[in-house]
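Chemist: Based on what follows, work out the 3D shape:
(one chain, ligands or ions: 1)
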Amino acid sequence: MIREVLRMGDPRLLQRAEPVQAFGSASLAALLADMRETMAHLNGAGLAAPQIGVGLRVVIFGVHSNPRYPDAEPVPDTVLINPLLEPLGDEMEDGWEGCLSVPGLRGVVPRFKRLRYSGCDDQGRHFSREVSGFHARVVQHECDHLDGILYPMRIRDFSRFGYSEVLFPDGSATADD
Ligand code: NI
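Modeler: Now for the predicted structure:
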């Protein structure tokens, strides 16, 4: 079922989400199905459970040759539950971000360039990956949602924050993610 995505200003987006305790349940499967359907409907790069009003530490993400991200390397479709993020080094990188909870806007956000993330898949199997660049950015953005952080809260240079259609009048990167 396509769910309503909460928008910035809703206090539920500012809460810290709770860890998932039980895997393989029908309710977790239903949550993930709704998240996938909602993300696909909105052509998003990722979605966190709190964005549909569910306060659990569950994110999904994935990017496949999306014309909105012509320079972005593909990111595999991933379910990440109870994630742990460990930056690899101090290096930060600026990049444009949008968010389904902040529709119509984009901003430049500094993120760790490289990190290791670990957590569980939908069946509770533990896994970890070392990633960089856009993949690392997507993970940091989505996992921030689990701690009540929206990307505008991380912007340092507000001269690079604005309406997508004004910033990118050629139509690139105009949708929200
Ligand atoms: Ni977001």
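Chemist: so residue 144, which of the three states?
Modeler: For residue 144, the assignment made with DSSP: H, G, I helix; E, B strand; the rest coil gives helix.
Chemist: ok, now residue 31?
Modeler: Note that with three-state DSSP, the state of residue 31 is helix.
Chemist: which residues in the chain form helices?
Modeler: 26-41, 133-146, 164-167 (DSSP state H).
Chemist: Figure out which of those is closest to residue 8.
Modeler: Closest of those to residue 8 is helix 133-146, at 11.2 Å (criterion: CB to CB). Where C-beta positions appear, they are placed from N, C-alpha and C, glycine not excepted.
Chemist: sorry, back to before: make JSON lines from the helices of the chain and add mean neighbour count to it.
Modeler: Below are the helices of the chain laid out as JSON lines (neighbours: other CB atoms under 10 Å):
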{"stretch": "helix 26-41", "mean neighbour count": "15"}
{"stretch": "helix 133-146", "mean neighbour count": "23"}
{"stretch": "helix 164-167", "mean neighbour count": "15"}
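Chemist: possible to save these as TSV with mean pLDDT?
Modeler: Listed next are the helices of the chain as TSV, based on pLDDT from 0 to 100:
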stretch	mean pLDDT
helix 26-41	98
helix 133-146	98
helix 164-167	96
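Chemist: got those as JSON lines, with distance to residue 15 columns?
Modeler: Formatted as JSON lines, the helices of the chain follow (distance: least, CB to CB, whole Å):
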{"stretch": "helix 26-41", "distance to residue 15": "17"}
{"stretch": "helix 133-146", "distance to residue 15": "10"}
{"stretch": "helix 164-167", "distance to residue 15": "27"}
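Chemist: for these, which one sits closest to residue 4?
Modeler: Comparing those by their distance to residue 4 (CB to CB), the top pick is helix 26-41, with 8.4 Å.
Chemist: biggest strand in the chain by residues?
Modeler: Determined from DSSP state E, the single longest strand within the chain is strand 75-87.
Chemist: Okay, buried residues for it please.
Modeler: For strand 75-87, a neighbour-count test (16 or more other CB atoms under 10 Å) marks 75, 78-83, 85 as buried.
Chemist: from those, which two are the most distant?
Modeler: 75 and 82 (19.6 Å).
Chemist: Report the contact partners of residue 136.
Modeler: 111-115 (CB atoms under 8 Å, 6 or more residues apart in numbering).
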